[in-house]
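Engineer: Sharing a model prediction with you, sequence too.
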Amino acid sequence: MKSERLRIGTLKLRNPVLTASGTCGYGLELARYFDIAVLGAICTKGLSLEPRKGNPPPRTCETPAGMLNSIGLANVGVEAFVRDKVPDLRAAGATVMANVLGTSPEEFHRIAARLDGVEGVHALELNLSCPNVKEGGLKIGTDPGGVREAVAAARAATKRPIVAKLSPETADVCSLARAAADAGADAVSVMNTIRGMSIDIRTRRPRLGNILGGLSGPAIRPIAVRLVFEVSRAVSIPVIGVGGILRWEDAVEMMLAGATAVQIGTASFVNPRAALDVLQGLEAWRRAQKCGYDDIIGAVRIDS
Amino acid sequence: MKVAPFHVVHRKALPGGYVILRLSGEALECEPGQFVMLRGDWGFSPLLPRPFSLALVEGPDLTILVKVIGEGSKRLAAAQRGDVVLVHGPLGTSFRRVAPDERVLMVGGGVGIAPLLYLAQASRSAAGGGLVGVYGGRSRRDLPMAAELAAAAESVTFVTEDGTAGEKGLASRAMVEHLARTPFDRVVTCGPWAMMATVARLAAEAGLPCEVSLEAMMACGYGICLGCALPATDGGYVYACTDGPVIDAGRIVWGDQPEPSLGTEAGKDRKKREGSGTPADKKGGKRT
């Protein structure tokens, strides 16, 4: 069944299952487990202008039905990504959404410009919401003005589809989404992690070296579903749902709430084939239901 | 590679909260020092798999030494014969093979004996050199798989802090005595951070290459979460899962322990850190 809605700007998605930034390396790490070309897209680790080494350990701890991380956006930098990773991603036939990590509108512009002409990079996702960096990240991402500036700066540098990844840490995520759409974003992804904290009661120390970290996993899924529901009704551009999806049923739920596509994150830590498993389960369910993806997106029944 | 279901075919509980599990599934090509990520077929809590060094590999059978620390290890240790354990691996780096004429000193602490036991067994069955071992723990019951190690190694010096088994004292002292007695070509070690730091320093002072098997909290085990960072001498970080677990000791900054131990007071001696565990106070760790 043909889908008209599985697209982000000019990029037509072969299916609605993507990986989430920061949970699949540069995509190549997953290629040892399955053919990454079958996914809707691979969303890379956030790319900064210069390499970043990340935060001091410990960087992760498990929490009820989820985990905290304070990785600090360790990444190889955009130059090394283009030089060392993109050729292999092209060879693998992957659809690549490069996640862009700027700390200012100027940086978003420069990184987007660097990626603009690169064959094998099909879309950009702007990280407007990382809780683990002191500068940029949340500061830009929790204010509609900041979101507008960052998206506009990237928009001016590239014709590639742009996805704005939004923070849940604001009273009104819908206004962030509207700001992103107004500034030329082709889609928004909702949502990034939520800041959390865990303390070891024996040592009385935080369990993360960075004290605070981003909470992910099934623990946050109801929040993501709620935000996808709200944001998809506030903007006309597609919403990519991300937050705690482990199984195909969770992807269906996220799409019913209003997501055009979904990203698989923490689940890939548990099982490297999680994104593929979700895709296969989703396809099987859709065929059994004899419906297209367009029939699922936003199709939650609200009895009034 | 994939996550494959294995079945528990043998379980042996030992004093001190240690459990030996033998898991059987499809045969994996493994090298001594590599690890696997394990979780039971128990739904989504605990969520993340836990890293364990391979203690033995015999055909389709993997032997794992579990020390009960937190929820994940507790659930795994409780697995009964016939239960499914999901195995992701083998992962990470391995020890260099032991050449027939090579003299290797292995220094293990507590549950850290697992990868050293595998190395000694593999070397023996491949007609490589015999390994001379030092195996230390806080107490007699913190020397799990001591008999297996004694059978696999050329010789083993057992050391306990309380003198309940072997010599009384610390593994590092026994290591110094060995180095003074006999020439060695290489040191391999796995155990608590403080012990490995001392072993690394003593090996460096003796001019010997030293391979350590690292532990760190990790979510994925295969290089995508970037959680298992440890400070490196090049100013950056190494990742225990992909740069290690077996790595040249000279690449690690052996300063303060980078994270609180998850070991109980009885032993900061787990091979890999256990995600949902309860880190013990730093003071619980003994300088060796």
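Structural biologist: Done, it's in.
Engineer: Please identify the buried residues of stretch B:111-129?
Structural biologist: B:111-124, B:128-129 (16 or more other CB atoms under 10 Å in any protein chain shown). Quick note: C-beta positions are derived from backbone N, CA and C, even for glycine.
Engineer: So for that stretch, mean pLDDT?
Structural biologist: Stretch B:111-129 shows an average pLDDT of 91 in the prediction.
Engineer: got it, and stretch A:184-198?
Structural biologist: Within the predicted structure, the mean pLDDT of stretch A:184-198 is 97.
Engineer: how far does that stretch sit from the chain's center?
Structural biologist: Offset of stretch A:184-198 from its chain centre (CA atoms, centre = their mean, to the nearest Å): 7 Å.
Engineer: now stretch A:296-304
Structural biologist: Mean C-alpha position of stretch A:296-304 versus that of the full chain (CA atoms, centre = their mean) differs by 24 Å.
Engineer: that's a strand at residue A:165, yeah?
Structural biologist: Yes: counting by DSSP: H, G, I helix; E, B strand; the rest coil, residue A:165 falls inside a strand.
Engineer: What distance do you get for it to chain B?
Structural biologist: Computed with CB to the nearest CB, to the nearest Å, the distance linking residue A:165 and chain B is 18 Å.
Engineer: tell me the pLDDT at residue A:130?
Structural biologist: At residue A:130 the predicted local distance difference test score is 63.
Engineer: Residue A:144 too?
Structural biologist: At residue A:144, the model reports a pLDDT of 93.
Engineer: Likewise for residue A:80?
Structural biologist: According to the model, residue A:80 carries a pLDDT of 98.
Engineer: For the helix or strand in which it is found, list every residue counted as buried.
Structural biologist: Using DSSP states H and E, residue A:80 sits within helix A:78-80. Going by neighbour count (16+ other CB under 10 Å), the buried part of helix A:78-80 is residue A:78.
Engineer: So it, near chain B or not?
Structural biologist: No: with CB under 8 Å from any CB of the partner chain as the criterion, chain B is not reached by helix A:78-80; the gap is at least 13.5 Å.
Engineer: Assumed residue A:61 was part of a helix.
Structural biologist: No: looking at residue A:61 with three-state DSSP, it is strand, so not inside a helix.
Engineer: ok, how many other residues are close to it?
Structural biologist: Residue A:61 has 26 neighbouring residues, counting by other CB atoms under 10 Å in any protein chain shown.
Engineer: One more: residue A:72?
Structural biologist: Using other CB under 10 Å, residue A:72 is surrounded by 21 other residues.
Engineer: now residue A:51
Structural biologist: Neighbour number of residue A:51 under other CB under 10 Å is 16.
Engineer: and it, what does it touch?
Structural biologist: If you count contacts by CB atoms under 8 Å, 6 or more residues apart in numbering or on different chains, residue A:51 has them with A:75, A:76, A:77, A:80.
Engineer: how about the residues of the stretch 101-250 of chain A that lie near chain B?
Structural biologist: The interface of the stretch 101-250 of chain A toward chain B, taken as CB under 8 Å from any CB, is made up of A:200, A:201, A:202, A:203, A:205, A:207, A:209, A:217, A:218, A:246.
Engineer: With secondary structure as extra columns, can I get these in TSV?
Structural biologist: Formatted as TSV, the entries for those read as follows, by three-state DSSP:
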residue	secondary structure
A:200	strand
A:201	coil
A:202	coil
A:203	coil
A:205	strand
A:207	coil
A:209	coil
A:217	coil
A:218	helix
A:246	coil
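Engineer: Of those residues, just the buried ones, ChimeraX syntax please.
Structural biologist: In ChimeraX, the members of those classed as buried (16+ other CB under 10 Å) are selected with the following command:
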select /A:200,203,205,207,209,217,218,246
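Engineer: any chance of the residues of the stretch 101-250 of chain A next to chain B in TSV, with distance to residue A:7 too?
Structural biologist: Rendered in TSV, the data for these read as follows (distance: CB to CB, whole Å):
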residue	distance to residue A:7
A:200	47
A:201	50
A:202	52
A:203	50
A:205	48
A:207	42
A:209	41
A:217	29
A:218	29
A:246	26
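Engineer: what sits against the residue in the stretch 101-250 of chain B positioned nearest to chain A?
Structural biologist: Residue nearest to chain A within the stretch 101-250 of chain B (CB to the nearest CB): residue B:227, separated by 3.5 Å. For residue B:227, the contacting residues are A:57, A:58, A:59, A:60, A:69, A:71, B:216, B:217, B:218, B:219, B:220, taking CB under 8 Å, 6+ apart as the criterion.
Engineer: what about residue 115, which helix or strand?
Structural biologist: As the question left the chain open, I've gone with chain A. Assigned by DSSP H and E, residue A:115 falls in helix A:105-116.
Engineer: please go with chain B instead
Structural biologist: With secondary structure defined by DSSP H and E, residue B:115 is part of helix B:113-125.
Engineer: Show me what the helix or strand following that helix pairs with in its sheet, parallel or antiparallel.
Structural biologist: The C-terminal neighbour of helix B:113-125 among helices and strands, as given by DSSP H and E, is strand B:131-137. Sheet partners assigned to strand B:131-137 using DSSP bridges are listed as strand B:104-109 (parallel), strand B:155-160 (parallel).
Engineer: Show me what residue of the stretch 1-150 of chain A gets nearest to chain B.
Structural biologist: Taking CB to the nearest CB, chain B has its nearest neighbour within the stretch 1-150 of chain A at residue A:60, 3.5 Å off.
Engineer: Now that residue. Nearest residue, chain neighbours left out?
Structural biologist: For residue A:60, ignoring the flanking residues on the chain, the nearest one in space by CB to CB, 6 or more residues apart in numbering or on different chains is residue B:227 at 3.5 Å.
Engineer: Can you tell me the number of residues neighbouring whatever residue of the stretch 51-200 of chain B ends up closest to chain A?
Structural biologist: The shortest separation between the stretch 51-200 of chain B and chain A is 7.2 Å, found at residue B:88 (distances taken as CB to the nearest CB). Residues near residue B:88, counting by other CB under 10 Å, number 24.
Engineer: Test my guess that it contacts residue B:6.
Structural biologist: No: the pair residue B:88 and residue B:6 fails to qualify as a contact (CB atoms under 8 Å) at a distance of 10.6 Å.
Engineer: show me the contacts for the residue of the stretch 51-200 of chain B closest to chain A.
Structural biologist: A:271, A:272, B:1, B:2, B:3, B:4, B:36, B:37, B:38, B:49, B:221, B:222.
Engineer: Nearest to residue A:183 among those residues?
Structural biologist: For residue A:183, the closest of the contacts of residue B:88 turns out to be residue A:272, at 35.7 Å, with distances computed as CB to CB.
Engineer: can I assume the closest one sits in a helix?
Structural biologist: No: residue assignment for residue A:272, taken from three-state DSSP, gives coil, which places it outside any helix.
Engineer: rewinding a little: who touches the helix holding residue A:115?
Structural biologist: By CB under 8 Å, 6+ apart, the list of residues contacting helix A:105-116 from outside reads A:47-49, A:78-79, A:82, A:98, A:100-102, A:121, A:124, A:126, A:136, A:140, A:149-154, A:156-160, A:162.
Engineer: which ones among those are found in helices?
Structural biologist: Among the contacts of helix A:105-116, the members found in helices (DSSP state H) are A:78, A:79, A:140, A:149, A:150, A:151, A:152, A:153, A:154.
Engineer: most surrounded residue in those residues?
Structural biologist: That'd be residue A:150 among those, by other CB under 10 Å, with 31 neighbours.
Engineer: ok, that one touching residue A:124?
Structural biologist: No: under the criterion of CB under 8 Å, residue A:150 makes no contact with residue A:124, lying 11.5 Å away.
Engineer: still on that earlier bit, quick one: residues in contact with the helix holding residue A:80.
Structural biologist: A:47, A:48, A:49, A:51, A:111, A:114, A:115.
Engineer: 10 Å instead, please
Structural biologist: Outside helix A:78-80, the residues within contact range by CB atoms under 10 Å, 6 or more residues apart in numbering or on different chains are A:26, A:47-51, A:98, A:100-101, A:110-115, A:118.
Engineer: Got a quick ChimeraX command for the buried subset of those?
Structural biologist: One line in ChimeraX is enough to select the buried members of those, burial here meaning 16+ other CB under 10 Å:
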select /A:26,47,48,49,51,98,100,101,110,111,112,114,115,118
